[in-house]
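Undergrad: below are the sequence and a predicted model for it; my questions follow.
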Amino acid sequence: MITSKELATAKWKEERLKCITATDCSIIVGANPYQTLNDLMRNKLYGIEQEVTERMKKGLEMEASALEAYMCHTARIFTPKWVRHKERTWMAATLDGLSLDERDIVEIKCGKSAYYAAKKGEIPVYYQWQMEHQMCVVGVGAMNYVAYDGNNLIILPYESNEIMQEILWEKEEKFYKLMTTMQELDR
């Protein structure tokens, strides 16, 4: 298991290329407005990554303070963690926060658009797919979605959706089989 200190390192990036991650799943099910299946396959085969925008960088920088604020609010300790599904080891997720007992997950989104949507009680479908994947990997039926604007938190509980889970399993497994076949052919 990769620790929080190793997240975003070369080792972590290499591990992500071998697995289907929460970020990948939104692309696989067609809910990602920024990337296509072809983009994802190029990433998995050749390591070609999506460009990190300034907005994305700022959001990532805010995640640590958002997690700290969330822990103060809940009076519980959560740590960022890279995890794999116990049986389907090709399924993995980089969790923004996992409780010490490994039963609770938090997904953090920083920035104005995520915050304003959460203020209306909305979790964008793109993020719902990511959370469905994370819950599959960890083996839980619910988690919290946190939107953070730099000062304030909005916490929305989220429960897994059986239909989304079924779609996720089927499409991810199909993509993984294609990905591994193409990796073998590429050698």
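TA: On my side now, so go ahead. Numbering: from 1, shown residues only.
Undergrad: and the helices in the chain?
TA: When secondary structure is read from DSSP state H, the chain shows helices at 10-17, 22-28, 37-46, 54-74, 112-119, 125-138, 162-186.
Undergrad: okay, the ones you listed in TSV with mean neighbour count and mean pLDDT next?
TA: C-beta: built from backbone N, CA, C; applies to glycine. Formatted as TSV, the entries for the helices of the chain read as follows, by neighbours: other Cβ atoms under 10 Å; pLDDT from 0 to 100:
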stretch	mean neighbour count	mean pLDDT
helix 10-17	14	82
helix 22-28	24	94
helix 37-46	16	90
helix 54-74	14	85
helix 112-119	16	94
helix 125-138	22	96
helix 162-186	14	90
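Undergrad: check contacts around the spatially most central residue of the chain.
TA: In the chain, the centroid-proximal residue (Cα atoms, centre = their mean) is A22; its distance is 3.7 Å. If you count contacts by Cβ atoms under 8 Å, 6 or more residues apart in numbering, A22 has them with 93-94, 130-131, 133-134, 137.
Undergrad: in the residues you listed, find the pair that's most separated.
TA: Greatest spacing in the contacts of A22, by Cβ to Cβ: T94 and M131 (12.8 Å).
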